[in-house]
Structure formats: structure tokens, C-alpha cells
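Peer 1: Build me a model:
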Amino acid sequence: MLEGFQAGLSWLTVLKRREGFLRAFAGLVPEQVACFTQQDVERLMLDPDIIRSRAKIEATLGNARAYLAMEQQGEDFATFAWGMVPNAPILNTTGQVLAQSPDSVALSKALKKRGFKFVGPVIVYAWMQAVGMVDDHDPSCFRYNCGA
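Peer 2: Here you go, the predicted model:
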């Protein structure tokens, strides 16, 4: 969710509002967020403690619903996501800073097929870095290959 809100903005902007997001989106509990209504969207659009983007707010509600739909169909989100990258962590050995990868493109498409929004390959790649699927540290960095 936060990766989607970060799109087009600095991470500092998002991090400064993290507590606001937790409060505004019911602790990020999907079962609660999925029940938000259009009235909640309007309330959130007035909340100065979050990023007030209607498209991102509505995507968050829809993504909570898509997440729960996967669960209801017996598909565990973590198993699905990590199953898309069976050799994680992927080490970036190109020496280049990547914005996306073939794996993030594939995962993005799979998420979109399941109804998720704001999950383009760049956002998904950043999420994959955040959860440890991708190690994008420079080979000279002390953190390179720490997860392997």
C-alpha cells in the first residue's frame, strides 16, 4: 500500500505520514479496509495526515478486496508472491541501478490479473526490494548478499 502511495513522491514524504496512514486505514487490516465506503474515501480525501490522492485511496480499498478474494479462493498471498520468485533473493549483478526486472513485470501482471491496482512493475520492484526478494545492493556494499 505504501509503495503505491509513494509513486511519484519521495519516500520521506510517505514515511513522515506512516502513522497517519496506519490510523486512517484501520491499522492496514485488510478485512477492515475492504469494508470502507465512498463516504470513507471522502473522509480520507480531507485527512492532512495522509497523501490525499483519490486514485491511490480507491486502489488501496480495491487492493484490500483483491487480497481477501485471493484468500477466499484459497490462495495465500505470501505463497503466491514468493512463488513468483522461487530463487529469492535475486542478486542484481548488473552493476546498474534497476527500476524493474522481468520478475517484477511478471508479478505485476499476475497482481493486475487478480484485480490489484497501482502495482506496475516499478512499484512491484520497489516492494520486492523492501520485502527481501531482491538484493539490489552494490557488490561492494557490506549489505550485498546478506540474505543468501
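Peer 1: Residue 19: neighbour count?
Peer 2: In terms of burial, residue 19 registers 11 neighbours under the definition other Cβ atoms under 10 Å. Every C-beta, even on glycine, is put in place using the N, C-alpha and C of the backbone.
Peer 1: what about it, distance to residue 112?
Peer 2: With the distance defined as Cβ to Cβ, to the nearest Å, residue 19 ends up 30 Å from residue 112.
Peer 1: Domain map for this protein?
Peer 2: Each structural domain of the chain that the record assigns through automatic domain parsing is listed here as a residue range: 1-75, 76-148.
Peer 1: Using CSV, lay out the ones you listed together with mean pLDDT.
Peer 2: What follows is these, written out as CSV (pLDDT from 0 to 100):
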stretch, mean pLDDT
domain 1-75, 96
domain 76-148, 87
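Peer 1: So residue 84 is in contact with residue 109, correct?
Peer 2: No. The pair residue 84 and residue 109 does not pass the contact test of Cβ atoms under 8 Å, sitting 9.9 Å apart.
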